[in-house]
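In: fold the following, please.
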Amino acid sequence: MSQPLLEIRNLRTYLQSGGRVVRAVDDVSFSIPQGETFCLVGESGSGKSVSALSVIRLLPAGIASHPSGEIQLNGHDLLQCNDQQIRAVRGSQIAMIFQEPMTSLNPVMTIGQQITEALQIHHPDMQDSEARQRALLALEQVQMPGATGRYGDYPHQLSGGQRQRVMIAMALALEPQLLIADEPTTALDVTVQAEILRLMRKLQDDTGMGLLFITHDFGVVAQMAHWVGVMQQGKLLEVGRCAEVLRKPQHPYTQQLLAALPENLAKPAEAKYFTEPSSNPQTPLLQIRNLKVWFPIKKGVLRHTVDHIRAVDDVSLDIPQGQIVALVGESGCGKTTLGRAVLQLVAPTSGSIKLQGQELTGLSARELRPLRPKMQIAFQDPHSSLNPRLLVETTLTEPMKVHGIGKNNDERIELAAQILESVQLEREFLWRYPHEFSGGQRQRIGLARALALNPEFIVCDEITSALDVSVQADILQLLLKIRRQRNLTLLFITHNIGVVEYLSDRTVVMYKGKIVEEGLTAQVCGQPQHPYTQKLLAAVPRLLV
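Out: The predicted structure follows:
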């Protein structure tokens, strides 16, 4: 390793929480050479982000302390800097890109104002015209489409990828020596992620900056990292060259993380049943014909409809009993709208949806009620979809009571306990609230709620997107187990191609409200025919082979 730009020695970061001390970072040491990328990986709560915030000194002083350690930047210990000195370092020498740009950007300032403000804070003598010129140059550097026209836009007028480009432009405008990127591509579509990663590599090559990249995606690690550090519970367990760590991991925890990736999980035996079309095809459980879901665009004082957003546009699809069909595509392609329309949570504009031959479109709420137990949904974010005021017991038994399942409350509680056990949770969890569980446990509770009415069809809307890799593997294996036990049919909405290849029998690709390709997963992912599918698969970051 060449002379380090950043050197962290025996860093400890302790946080005060509810009268106790949490060792968020515990004796961590690593270095980042000039012009190279160090990827810090690990699961939620491992200490990755706290390590980054310690470097840039953004942790609140009343809560965080550093009992020991050094953070050397160009030979100067940042932990010994006073507030004035560390403010001079932030931005000009170290910049940081946060995970969610919409919460990091000021919603009432244009993106141009926000970039020029950062420039003029560090260069008080800089004229407005020069600040504007440098801000436009930064936007052009990050390949912002129509940079001059976008200069006066507000954050809400930009897409997720464009907002992330603004964050990078703001960070790079001051030409820092070290850039810290905290999960900068987690919320982005795979094609936008590929563009952002290419952009960051190019900017690093052009400027020679060091990069501390925090992620839990090993495909991104394989593309970006020169060096890799693996963290767990505040400790750095393994550090090494990227290829060495990914190909020959030494620590059991690193081996466990890599083994939990969808591409490394053993393909379930029952999936072989669906590798060839059936010689005796049955009537599909779900039949969708020429489905349209259009949302009107109204303008003027009288709110006349001037156009429509064609979220789902003339979609036809069959889903056989017992199959897992993956629905993939980028944000805004219509995946979630299609799933909600199937469940009649969104009213279709036109078309036909039949469940076991029963037409669903056009039915009133009263007519739909007897059909509701047959079709359920598991949402992307269980934290917001579970009622925080209800015990898990109430969450599970209330739908049973509405639909007449169970003779009395005691019988419904027993059924709820059995459902919890079927998703590998303990029955005493019935008497807890959602905030008392981890993210993976809450997702299991959300799945248990979907199973409470013994459905035949479930829409799973991005249910693994926010989970750590090992928790994701547990949920995927659990879904396959439940499918086998109950002969369940799943519409699995996702943008994770690794999950698609492991879990699904068939794959459907959506683009701008239309289905552009469908077929057996092995065929769609192995030999894509449509240019959009090819582009989507080419953008997926893969591990080194």
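In: now residue 158: phi and psi?
Out: Main-chain torsions, residue 158, degrees, to the nearest 10: phi -110, psi 160.
In: so what's it up against?
Out: Neighbour list for residue 158: 111, 150, 166 [criterion: C-beta atoms under 8 Å, 6 or more residues apart in numbering]. Glycine gets a C-beta too; all of them are placed from N, C-alpha and C.
In: kindly recompute the last result at 6 Å.
Out: For residue 158, the contact set (C-beta atoms under 6 Å, 6 or more residues apart in numbering) is empty.
In: measure it to residue 172 for me?
Out: Using C-beta to C-beta, to the nearest Å, residue 158 is found at 17 Å from residue 172.
In: contacts only, for residue 250.
Out: residue 238.
In: what's the pLDDT at it?
Out: Confidence at residue 250, expressed as pLDDT, is 94.
In: remind me which residues of the stretch 401-545 of the chain are low pLDDT?
Out: When residues are selected by pLDDT under 70, those of the stretch 401-545 of the chain lie in 544-545.
In: ranges for the strands of it?
Out: 457-461, 489-494, 506-511, 514-520 (DSSP state E, counting those that start in this stretch).
In: in JSON lines: these, plus distance to residue 257 and mean neighbour count.
Out: Formatted as JSON lines, the strands of the stretch 401-545 of the chain follow (distance: least, C-beta to C-beta, whole Å; neighbours: other C-beta atoms under 10 Å):
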{"stretch": "strand 457-461", "distance to residue 257": "23", "mean neighbour count": "23"}
{"stretch": "strand 489-494", "distance to residue 257": "20", "mean neighbour count": "24"}
{"stretch": "strand 506-511", "distance to residue 257": "26", "mean neighbour count": "24"}
{"stretch": "strand 514-520", "distance to residue 257": "30", "mean neighbour count": "18"}
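In: could these be laid out in CSV, adding distance to residue 354?
Out: Below are the strands of the stretch 401-545 of the chain laid out as CSV (distance: least, C-beta to C-beta, whole Å):
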stretch, distance to residue 354
strand 457-461, 12
strand 489-494, 13
strand 506-511, 17
strand 514-520, 17
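In: would you tell me which of the ones you listed gets closest to residue 99?
Out: strand 489-494 (19.6 Å; C-beta to C-beta).
In: before we move on, the earlier item: for the strands of the stretch 401-545 of the chain, which one sits closest to residue 70?
Out: When the strands of the stretch 401-545 of the chain are compared by C-beta to C-beta, strand 489-494 sits nearest residue 70, at 43.1 Å.
In: the closest one to strand 506-511, inter-axis angle?
Out: Here strand 489-494 points in a direction 40 degrees away from that of strand 506-511 (axes from the mean of the first three to the mean of the last three C-alpha atoms, to 10 degrees).
In: on contacts alone, who are the packing partners of strand 489-494?
Out: Here strand 489-494 touches strand 324-328, helix 335-342, strand 457-461, going by 3 or more C-beta pairs under 6 Å, 6 or more residues apart in numbering; DSSP states H and E.
In: output it as PDB - backbone C-alpha positions only.
Out: Listed next in PDB are the C-alpha coordinates belonging to strand 489-494 (Å, rounded to 0.1, in the frame of the first residue of the first chain):
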ATOM      1  CA  THR A 489     -48.700 -18.400  -5.900                       C
ATOM      2  CA  LEU A 490     -46.500 -15.300  -5.700                       C
ATOM      3  CA  LEU A 491     -46.100 -12.200  -7.800                       C
ATOM      4  CA  PHE A 492     -42.700 -11.000  -6.600                       C
ATOM      5  CA  ILE A 493     -42.000  -7.400  -7.400                       C
ATOM      6  CA  THR A 494     -38.300  -6.500  -7.300                       C
END
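In: enumerate every residue touching residue 193.
Out: The contact partners of residue 193, by C-beta under 6 Å, 6+ apart, come to residue 185.
In: what about it, which helix or strand?
Out: Taking DSSP states H and E as the criterion, residue 193 maps to helix 190-207.
In: show me what the helix or strand just after that helix packs onto, helices and strands only.
Out: Going down the chain from helix 190-207, the next helix or strand is strand 210-215, by DSSP H and E. When contacts are defined as 3+ C-beta pairs under 6 Å, 6+ apart, strand 210-215 sits against strand 37-41, strand 178-182.
In: export those to CSV and append columns for mean pLDDT.
Out: Converted to CSV, those look like this (pLDDT from 0 to 100):
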stretch, mean pLDDT
strand 37-41, 95
strand 178-182, 92
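In: pick the most deeply packed of these.
Out: Of the helices and strands packed on strand 210-215, the one with the most neighbours on average (mean count of other C-beta atoms under 10 Å) is strand 37-41, at a mean of 25.
In: just the CA coordinates for that strand, please, in CSV.
Out: Provided in CSV are the C-alpha atoms of strand 37-41 (Å, rounded to 0.1, in the frame of the first residue of the first chain):
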residue,chain,number,x,y,z
THR,A,37,-11.1,3.1,-2.9
PHE,A,38,-11.6,1.4,0.4
CYS,A,39,-15.0,-0.3,0.7
LEU,A,40,-16.4,-0.8,4.2
VAL,A,41,-19.0,-3.6,4.2
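In: what pairs with it, and is each one parallel or antiparallel?
Out: Paired strands of strand 37-41, with direction, are strand 210-215 (parallel), strand 227-232 (parallel) (DSSP bridges).
In: ok now the helix or strand immediately after the first one in the chain, how far from the chain's centre?
Out: As assigned by DSSP H and E, the chain's next helix or strand after strand 210-215 is helix 218-224. Chain-centre distance of helix 218-224: 16 Å, with C-alpha atoms, centre = their mean, to the nearest Å.
In: helices or strands up against helix 218-224?
Out: For helix 218-224, the elements it packs on are strand 37-41, judged by 3+ C-beta pairs under 6 Å, 6+ apart.
In: buried residues of the worst-scoring helix or strand of the chain on mean pLDDT, list them for me.
Out: Least confident element among the helices and strands of the chain, by mean pLDDT, DSSP states H and E: helix 101-104 (a mean of 79). Buried residues in helix 101-104, defined by neighbour count with 16 or more other C-beta atoms under 10 Å: 101, 104.
In: most tightly packed of the helices and strands packed on strand 489-494?
Out: Counting by mean count of other C-beta under 10 Å, the most buried of the helices and strands packed on strand 489-494 turns out to be strand 324-328, with a mean of 26.
In: follow-up on the earlier one: for the least confident helix or strand of the chain, C-alpha coordinates in CSV please.
Out: Coordinates of each C-alpha in helix 101-104 appear next as CSV, following Å, rounded to 0.1, in the frame of the first residue of the first chain:
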residue,chain,number,x,y,z
PRO,A,101,-30.3,12.9,-1.2
MET,A,102,-33.9,14.0,-0.8
THR,A,103,-33.4,14.4,3.0
SER,A,104,-29.9,15.9,2.6
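In: residues in contact with it?
Out: 98, 163, 164, 167.
In: what does stretch 327-339 give?
Out: With C-beta under 6 Å, 6+ apart, stretch 327-339 has contacts from 189, 293, 311-312, 459, 461, 491, 493, 500, 508-511, 513.
In: in the chain, where's the longest strand?
Out: strand 304-319 (DSSP state E).
In: return the distance of that one from the chain's centre.
Out: 26 Å.
In: quick one: buried residues of that strand?
Out: 310, 311, 312, 313, 315, 317, 318, 319.
In: repeat that for stretch 436-449.
Out: Neighbour-count burial for stretch 436-449 flags 437, 439, 440, 441, 442, 443, 444, 445, 446, 447, 448, 449 (criterion: 16+ other C-beta under 10 Å).
In: distance to residue 68, mean neighbour count and mean pLDDT added to the strands paired with strand 37-41, as CSV?
Out: As requested, the strands paired with strand 37-41 are exported to CSV (distance: least, C-beta to C-beta, whole Å; neighbours: other C-beta atoms under 10 Å; pLDDT from 0 to 100):
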stretch, distance to residue 68, mean neighbour count, mean pLDDT
strand 210-215, 21, 24, 93
strand 227-232, 18, 23, 95
